[in-house]
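> Sequence first, predicted coordinates after that:
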Amino acid sequence: MKGERGVPVRLRFTKRGRVRFISHRDVARAFERAFRIARAPLAFTEGFNPHPRISFGLALPTGTESDAEYLDVELTEETDLDRFAADVTEALPEGMGVTGVEFLAARAASLQQGVTSISYHVEAFFSDDGAWSPSDVEAWVQDVLAADALVVSLRRKGREVTDDLRPAISALEVEGPEAGSPPANPPSHDATAIDTRATCVNVKLELSTQPRNVRPEEVLALVGPGCLSARKVLRIEQWIERDGSRLTPLEADTRPRAGIGAR
Amino acid sequence: MTTSLWPEIEPLLPGVEKPGRYIGMERGMQRPRHELGLVRWLLVYPDSYEVGLPNQGLQILYEIVNERDDALAERAYAPWGDMEAALRGRGLPLFSLENHVAASEFDVIAFNLAAELTYTNVVNCIDLAGVPVRAADRTADQPLVFAGGHCAFNPEPMADFVDAFAMGDGEELAGEITDVVRRWTAAGRRHREEVLHELATVPGVYVPSMYDVSYDGPFQRLTPRYADVPAVVDKRTVADLAAWPYPKQQLVPLVEVVHDRLNVEIFRGCTRGCRFCQAGMITRPVRERPYEQVRSMVQGGLARSGYDDVSLTSLSSADFSGIDGLVADLVNEQSGCGNVALSLPSLRVDAFTVGIAADIQKVRRTGLTFAPEAGTWRMRQVINKLITEEDLYAAADAAYSAGWRRVKLYFLTGLPTEMDVDTLGIAELARNVVEIGQKHTRKAACTASVGGFVPKPHTPFQWFGQNGIDELHRKIFLIKDALKGTRAEVRWHDPPATYAEGIASRGDRRVGAVIERVWRQGGVFQEWSEHFALGPWLDAMAAEGLDPEWYVTRHREHDEPLPWDHISAGLHRDFLWMDWQAALAEHGLPDCRWTPCYDCGVCTDYALEHVVASAVPPAGGSQGTGQDLARGGDVPVAILPTRKRAVAR
């Protein structure tokens, strides 16, 4: 089967809890091993050093959690996808699991090219130096959304460049502040150290990934240096916006299942 | 009863490098429950997670202890500098990866001593555990600090810090130690002295505090304090590897580590008799794992771990009886789920072995490594690594013709009787290997990796004075100069680090204070060149009134007491001395697996036998089989330079 065009499928998976501390590269290796443990019928590349055809979407930074990571993988044959998802989940580390899988249409855009924005939930807390008060949160959100441009400077390849963050922010909402109480739905099943003196807010944002992938921490930094720090960042969903419609990667470019295993 | 430190550790992780090292969660990890009455072991590898995780000895004990119903085991590794600073900054201790429990909550903290330059990390881990670094300062409610592994065969430099050393194979000992600790705890854990005394009566356990130390001039003498404490502690040996098919569930780490693959130990022990090799001397006799067990461990291990890479480990894997058949079977059995790579570490140097390597590495071709160890036949007779030049050239020819472009050669310099012609022989071999390769491909290259020789206890070279720093530098540059402008590249170990290793390798109990001083100066991760500096070692030696040259470069006398005389690996001192004299006379010694016993002492004293499936030597391997011993014998005997040095104290 080596080298032949296989059957591409797209998986959605989670990265929650302690396992968020492994790198993107480690996630890739964990999947390669999980596919082998699950005896998944993977298609391999040709050549001296054949490897499975797996391609990941935008790298999730080490330490960030996600309910919506995606990867595309080529199989050698049409497979019972639900069974495949269950077997792979069984072989993945705790906190990682396959939560959706579909056959990919021919000539689908890669995840890297296709995804246009990502939604996040961020659990953030204020520094208690009093420089910025939680009661200003609502005003800040209004200011950000009303702004024509939000120019920040970045270092790129050792050079100082400027970038306008405003076009990248398609949604911004803040819940809280709730002084001294942990968030109702902690984004992790892990016990988390809650500093009861700090003031928490839940920030919900959607940020575009093109032309560059803007990180939620960059938006929080607009408040002022060190004022609002992310304690936990959770990717909620990734979006492919195309011809006026907004689809998840499992909705875009996938084809319906046939026979057993169809939804 | 036990508290998880995870809530306090978690907030530190976003701020440290590679936080995945501190979460555990490897496939195969156990989550033992800390029930009352269990003997709790914390197994620590005193180097970074990436280096320590693959350690098979630690993983074997981890499973054996956790299988017992009266004990549990968790693991820890030396936290990297940034993590250590974060922990100390918050007043947090060394913790286990399974349940994130403080190290001080365990009954036993057991270290694997695999390299001398990790000694300061051991001290640091004890301190980070919140336990007094010196054994004498500990109380009954604090953990017992154990150490085992190859370096434990000279325990004295670490004797101040370690309560008890376990000598040799740990499979059976771990249970016997557990029994003693469990009884002591059940009886109320009153005096530390009680449990230490009892541990000292367990065969294979050395308890430094059960001996009085005196000095006869500069020489350390140890006297047991009780009649039931042995004057000489013998190592433990597992007679039959088949009874111990461990690890059964090798840990599969989430972050990338060294040797990141399935490892299956195919035999333990080696009787090739290389005189510089401590591992070969202290792990005798040879005990092969049965063929069928190897096969099932490989198949089961691959299926369970998801690895696509398996290494058949031992000190000389091509010597396994029927290795060619085993390899053919394993290659053929590989199922459809991906391509599995097989590797043999410690390749023997001959064309037969390369043939096997070519068979198994169809999938991937990295460099191929051989270890001729020395540059001339005379020198190789001295060290008893009986590889002829023809063996090496045939191996290189086979490797390049099979498609490898780079051959890596391992050498030692600073060997006994080594003259410049021997040192330059290293360059000549490397040059000739490249030349052979260029007949096959213009891109043929060769790497000569040169390490400074550190004499090790319990070897025939234990009496030899190590080369000093300048001499090693000179020799390395001789080789470098000779290879200028060729496609042979030279890599070498840092001679100052080799010197520090020499201090610890054959040190006595006084060296403990030196290790403590280096640690207090911040000298941790000394195995890592970016963290190593010789200055603190020399300063510490001076502060303790010790002459480093007396420890490192001095030739030992025939009858002088050696700091490890009270530890036995079964090798008779007379045998080692005879073998040392044979080395100086450039006489090789055949491998006793396939030739009559020369009575080194191990099998006879311990009533052991080789467990070897084949009574004849493997095809093609001349080294050590006695075929070529007469070659090159006309080289004149080199007289060792004898230097009398001022004796410390």
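Thanks, I have the structure now. Residues are numbered from 1 along each chain as shown, chains lettered A, B, ... in the order given.
> Residue of the stretch 1-150 of chain A closest to chain B, please.
Using Cβ to the nearest Cβ, the closest approach of the stretch 1-150 of chain A to chain B is made by residue A:33 at 3.0 Å. The way it works is simple: take the backbone N, C-alpha and C, and place the C-beta from them, glycine included.
> for chain B, which spans come out with low pLDDT?
Applying pLDDT under 70 to chain B flags the ranges B:1, B:334-339, B:346, B:360-366, B:618-649.
> Repeat the analysis, applying 50 as the threshold.
Along chain B, the model assigns pLDDT under 50 to residues B:336-337, B:364, B:622-649.
> So which bits of the longest helix that it contains are buried?
For chain B, the helix with the greatest residue count under DSSP state H is helix B:420-438. Residues of helix B:420-438 classed as buried under the neighbour-count rule (16 or more other Cβ atoms under 10 Å in any protein chain shown) are B:422-437.
> and whatever residue of the stretch 301-450 of chain B ends up closest to chain A, what does it touch?
Using Cβ to the nearest Cβ, the single residue of the stretch 301-450 of chain B nearest to chain A is residue B:306, 3.0 Å away. Residues counted as contacts of residue B:306 (Cβ atoms under 8 Å, 6 or more residues apart in numbering or on different chains) are A:32-37, A:91, B:27, B:252.
> still on that earlier bit, I'd say the residue of the stretch 1-150 of chain A closest to chain B and residue A:96 touch.
No - using Cβ atoms under 8 Å, residue A:33 is not in contact with residue A:96, being 11.5 Å away.
> Which one's more surrounded, these two?
residue A:96 (25 against 21; other Cβ atoms under 10 Å in any protein chain shown).
> Next up, the contacts around that one.
Applying Cβ under 8 Å, 6+ apart, the residues near residue A:96 are A:13-16, A:19, A:27, A:30, A:89.
> got it, and residue B:504?
Each residue near residue B:504 by Cβ under 8 Å, 6+ apart is listed here: B:116-117, B:119, B:157, B:511, B:515.
> top of the residues you listed by neighbour count?
Ranked by neighbour count (other Cβ under 10 Å), the contacts of residue B:504 have residue B:119 at the top, with 30 neighbours.
> what about it, which SS state?
Classification of residue B:119 using DSSP: H, G, I helix; E, B strand; the rest coil returns helix.
> Chain A versus that one, what's the distance?
From residue B:119 over to chain A the distance is 30 Å, taken as Cβ to the nearest Cβ, to the nearest Å.
> Ignoring the adjacent residues along the chain, who's closest to that residue?
residue B:515 (5.0 Å; Cβ to Cβ, 6 or more residues apart in numbering or on different chains).
> for chain A, where's the lowest mean pLDDT among helices and strands?
strand A:169-179 (a mean of 82; mean pLDDT, DSSP states H and E).
> so what strands line up beside it?
Applying DSSP bridges, strand A:169-179 is found paired with strand A:199-208 (antiparallel).
> Could I get the full set of helices for the stretch 51-200 of chain A?
A:81-91, A:111-114, A:137-146 (DSSP state H, counting those that start in this stretch).
> Distance to residue B:581 for the ones you listed - can I get that in TSV?
What follows is these, written out as TSV (distance: least, Cβ to Cβ, whole Å):
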stretch	distance to residue B:581
helix A:81-91	58
helix A:111-114	68
helix A:137-146	84
